[in-house]
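> generate coordinates for the sequence data below:
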Amino acid sequence: MSTYKKRAPKAPEAAKRDPLAALRMSDMVISKPFLPIELIAQIVDHLNAADMVRFASVSRKMHEMIYDDARWVQRLKKMGVWSDVEARRTGGGRLSISRPERKSTINHSLVNGKGRPELNINGLPASPRKSSTVARARDFDGFDMISLSGPTLEAANPPATKEETLHALENVKSVRGQARQEYGKVYKVLNLFYVDAIHAVSYQSTRIFSTFALPEQRALMFTNIRTFAMSDFSPGTGIREQRIHELIMQYDTAALLEFRSGYEYKDIAGRMKQYAHVMHMLNGGQSGVDLFLNDNRLLSRKSELGSVSDCVDYSLGYGQLSLERVQAYFDRLGNAYRQEAAVIHSVFPQPAEVSLLYLERFGEELLQPFLTALFQDARTRSTSVYLRVLSGSLQTTSKFVQDFALPENADEGMINRASAVLVKLFAPHLQSYLDEELAFFRQNAEREVERWDRNLAEQAASAESFLMSNINRTADKKDFMASFKKVVMMPVNILPSFSKPTIKRTDSGLNPSSRSDSPMPRPLTPALPSEAPTDELAAKAALMTSRLDNIKTLFSIDVALNLIHAAKSSLERAAQFIALGGPSGEIARERCSAIYLILVDTVGNKHVKTGFDKAIEHLSAYDARSQTPTNPTAHLGPVVAPLTTFVELVNVGDLIQQMLDVFFEQEIVRKGIARRDDFVAAPVKEKRKFEQMLDEHVASGLGKGIDVLMDEVEYLCATEQLPTDFNPTTQVFDAETVNKRASVFGVGDIDVSPTKPCLHIIDIISKHIGMLQGSTDKALIDVFVQEVAQRLFQALVKHIKRQRISPLGAMRLLSDLTAYTTHIASYRNPDVTLYFNALREVSQIYLFEAKTDTEIDEMSGIIADAERYRGVFTVEEVVEFAERRSDWLAIRSKVEGRVRGEGCLLM
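Numbers count the residues shown, from 1 in each chain. The predicted structure is shown next:
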């Protein structure tokens, strides 16, 4: 709009003088108000295609705004047919604005601007100098020759083919700078159907139904115009979209009726499949899926497949739930499920999704009631049946889902959803099951250990009763006579009536009759003597021997093996639930860890630790000298019996530890209950705690064993070492022997081989250290060897200081010490070998005859040479060794004087 105003006269006098002033005063000033460009852009965004074409003819700036490629890309994106990735690949990196060649907007055929111009494709007035036909041929894009006056916006160009119409959206190309042309192609083929559908009374009266005959084509066209409606930004678009939605829902309902009819008449490959695809195109097919799930034949006749009562086996004369019958029920279920799965894969366009939905409904309406009833029935029978049935049902249900519900090429998402079905089925029962499983294993483990301890106690009591039977009868007799003297003069009516209980003896001795369910395959103790000792000291010694012999039976591999088998059974049942994942899987993993903790605690603290404590107690009570009266052969063998028995117990403990290690690797690590390197995990911490306990008790027991071994060494030194071994005289040998041997010291050759006690002690030490090889940790063995060597060194020092040694017997002493040094050096511990080398150096002071001053000086030099002994002995200690010479009283003053340095001159 324009407003014209006449300029008011300012100076009348000047106008009179200037004839042109009046003309200038009457000049019209034209004012043109305008809107901001941003507001105009917002208005343009809400125009339909025809209005945008009209608006483009207003001016060159409006033409550029309308033809901006970004505006048409926006509409294509709303329809979901534009891809930025494809556009970057085919047309460059940024949007381009169409800038057509500038043309004159003056139509010379019009007079005074009157009349209505005919627009070409670009919305510009057609120039009479150019042919409109040539222009349409060059710029055909679906907007050409639009009648701006018609209310229906029909295009003047010929209609497209059916195939072009059906696949108009699929044929859109994402090309920069061509978005307007691509949208125009879509507009050309879909706008007529879109406008017609808006004004249609029903879906059957639309142009879609009159143009297309196949249900799939009609469904595709309805979805096309629904998509096309998304690019309509003009006012009232919400009402138009709602109308399109109503038409689609009407057609969807009609298709659902046809789908139901096909399902009822079992026209699977015909109407049912056809209209399932129609509904899938209209709204994703959800209505057809819901109908299939709600009216499913298998779910409606689930009672025909069986019930919990069919899983009870009466073949043994009483009712017992049978997993075989449960499996048979699932087999029948699987056959029926396979038929429904075949229908799903044949009918629905997305069979995988429908199969999962059907599995969820199947589990909710059929499996869950059956499993709940099955578990309730099993719980009423016994705990073991309940645990076995529930875990077996999980395995059977998982196999059913794997075989029938999931395809072979199932992806991770399908597997997770199938696992969610299993979680929903078993989650209500999981907590109670895992609690029952844990309590069941704890009860069995405690019962197994208690049975073993009870049998041990009964066996020990039986052995003590037998060995002390004669002694007890004598004591009972004395007690009876004393009581009789006290009550013999009492009135008769107050005398108590008593009878002596008799001890029943069986033909098989005192071995108690084992229970039929006892797991012990061998007797707990060795056979007792046929007759009980009559002497109290002999009876107590025999009882101590029996207890020491019983050390090896204080804990058993059989008990540990039974506990491990029970734990394995419980873990195999409970570990299946870890595969459920999520919170249920974590709960199952925690319970599996708890089962392993109970196993290690029962085997370790309640069985092995208790056995080691008793063994150490019995070992501490051992006295080598008290064994001689009743067991004269106790010291004749190459081993100390109680220490050997304890080493056997250590071997059993090490074997049990290895069994637990294998169980940890196979059942805990392999099943994902805990990682081997996760040092904060409860199973790993409990395993290390058990190993530490075992090492501590083995070390403590071996410490007591070393005491026993050294007692045995001292006993052998005291009993088997003859006084003449290191101090022989010529009277010891007969004349024939003396004459036969060559003279070395002037009195006949002395035997230079090691003595009998030396060989016996070396044999004992070697046997016991050898028994530890492979039964415990190497570091512990090294400590044991070092301790034995040091204690042996101390025992030999005391033993030598108790002997009287002559130069004739010094060779045998040197042979003994050489044998000890060689044996200790074989263990490759230079720290302790140093002690024995020093002791062997000390023994050289006994080799001197000391009859001349020269020999005394040499011997005194050896005694005073402190460096010779590497700090093991001081000079005073070496002098104490020299005091054990047989001729010490004769040479004492000379030796001590020379050792103190008397007679030395300072130069």
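> burial check on Arg688, number of neighbours?
11 (other C-beta atoms under 10 Å). Yep, even glycine has a C-beta here, placed from its N, CA and C like the rest.
> residue contacts, it?
By C-beta atoms under 8 Å, 6 or more residues apart in numbering, the contact set of Arg688 is Phe679.
> which element is it on?
helix 682-720 (DSSP states H and E).
> gap between that helix and the chain center?
Taking C-alpha atoms, centre = their mean, to the nearest Å, one finds the center of helix 682-720 at 36 Å from the center of the full chain.
> would you tell me which helix is longest in this protein?
helix 412-467 (DSSP state H).
> gap between it and the chain center?
On C-alpha atoms, centre = their mean, the centre of helix 412-467 falls 20 Å from the chain's centre.
> ok, and the closest non-adjacent residue to Lys685?
Phe679 (7.2 Å; C-beta to C-beta, 6 or more residues apart in numbering).
> that neighbour looks like it's in a strand, true?
No: counting by DSSP: H, G, I helix; E, B strand; the rest coil, Phe679 falls outside a strand, being coil.
> mean confidence score for the helix holding Arg688?
Mean per-residue pLDDT for helix 682-720: 88.
> which residues touch Arg381?
By C-beta under 8 Å, 6+ apart, the contact list for Arg381 reads 320-321.
> rewinding a little: test my guess that the residue nearest to Lys685 contacts Lys687.
No: the criterion here is C-beta atoms under 8 Å, and Phe679 misses it with Lys687 at 10.4 Å.
> who has more neighbours out of these two?
Lys687 (23 against 9).
> what's around the nearest residue to the more buried one once chain neighbours are set aside, how many residues?
Spatial nearest neighbour of Lys687, excluding adjacent residues (C-beta to C-beta, 6+ apart): Phe664 at 5.8 Å. Phe664: 21 surrounding residues under other C-beta under 10 Å.
> do I have it right that Phe664 meets Pro683?
Yes: using C-beta under 8 Å, Phe664 is in contact with Pro683, at 7.0 Å.
> what do these two both touch?
By C-beta under 8 Å, 6+ apart, the residues touching both Phe664 and Pro683 are Tyr596.
> what's the closest non-adjacent residue to the most centrally placed residue in the chain?
What sits nearest the mean C-alpha location of the chain, by C-alpha atoms, centre = their mean, is Gly672, with 2.4 Å. Computed as C-beta to C-beta, 6+ apart, the closest residue to Gly672 that is not its neighbour in sequence is Ile578, at 6.3 Å.
> touching, that neighbour and Glu590? I think so.
No: Ile578 lies out of contact with Glu590 (C-beta under 8 Å); the separation is 10.0 Å.
> where does the chain have its least confident helix or strand?
Among the helices and strands of the chain, helix 132-139 carries the lowest confidence by mean pLDDT, DSSP states H and E, at a mean of 39.
> which SSE is immediately downstream of it?
helix 162-166.
> just the element for the closest residue in space to Glu665 that isn't next to it in sequence, please.
What sits nearest to Glu665 in space, not counting adjacent residues and going by C-beta to C-beta, 6+ apart, is Arg676, at 7.7 Å. Using DSSP H and E, Arg676 sits within no helix or strand.
> from Lys687, how far off is Arg676?
For Arg676, the distance to Lys687 equals 10 Å [C-beta to C-beta, to the nearest Å].
> now do Asp661
From Asp661 over to Lys687 the distance is 8 Å, taken as C-beta to C-beta.
> how about low-confidence regions in the stretch 301-450 of the chain?
The model of the stretch 301-450 of the chain has pLDDT under 70 over residues 316-317.
> where do the strands sit along it?
Along the stretch 301-450 of the chain, the stretches classed as strands by DSSP state E, counting those that start in this stretch are 312-313, 320-321.
> and these, which is most packed in?
Of all the strands of the stretch 301-450 of the chain, strand 320-321 carries the top mean neighbour count, a mean of 18, counting by mean count of other C-beta atoms under 10 Å.
> neighbouring strands - and their directions - for that one?
In the sheet, strand 320-321 lines up against strand 312-313 (antiparallel) (DSSP bridges).
> show residues contacting the partner strand.
So strand 312-313 is contacted by 319-322, 324-325 (C-beta under 8 Å, 6+ apart).
> the same query, at a cut-off of 6 Å, please.
319-320, 322, 325 (C-beta atoms under 6 Å, 6 or more residues apart in numbering).
> switch those over to JSON lines; also include distance to Val73.
What follows is those, written out as JSON lines (distance: C-beta to C-beta, whole Å):
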{"residue": "Gly319", "distance to Val73": "75"}
{"residue": "Gln320", "distance to Val73": "73"}
{"residue": "Ser322", "distance to Val73": "69"}
{"residue": "Arg325", "distance to Val73": "66"}
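> now, of those, which are buried?
322, 325 (16 or more other C-beta atoms under 10 Å).
> nearest to Arg301, of the contacts of strand 312-313?
Top of the list for closeness to Arg301, among the contacts of strand 312-313 and by C-beta to C-beta, is Arg325 at 20.5 Å.
> please name the nearest non-neighbouring residue to the closest one.
Cys311 is the one closest to Arg325 (C-beta to C-beta, 6+ apart), at 4.3 Å.
> swap in Val797?
Nearest one to Val797, counting by C-beta to C-beta, 6+ apart, is Leu839 at 7.0 Å.
> so which strand or helix has the one you found?
helix 830-842.
> which residues touch that helix?
Residues outside helix 830-842 that contact it (C-beta under 6 Å, 6+ apart) are 786, 789, 793, 817, 820-821, 824-825, 868-870, 872-873, 878, 881.
> quick one: distance of the helix or strand containing Leu561 to the chain centre.
For Leu561, the host element (DSSP H and E) is helix 557-574. Put simply, helix 557-574 sits 19 Å off its chain's centre (C-alpha atoms, centre = their mean).
> and the next helix or strand past that helix?
Counting by DSSP H and E, what follows helix 557-574 is helix 582-603.
> which elements pack onto that next one?
When contacts are defined as 3 or more C-beta pairs under 6 Å, 6 or more residues apart in numbering; DSSP states H and E, helix 582-603 packs onto helix 412-467, helix 557-574, helix 682-720.
> can you give me the buried ones in it?
Buried-residue list, helix 582-603, by 16+ other C-beta under 10 Å: 584-585, 587-589, 591-603.
> buried set for the helix or strand following that helix?
The C-terminal neighbour of helix 582-603 among helices and strands, as given by DSSP H and E, is helix 609-620. Using 16+ other C-beta under 10 Å as the test for burial, helix 609-620 gives 609-612, 614-616, 618-619.
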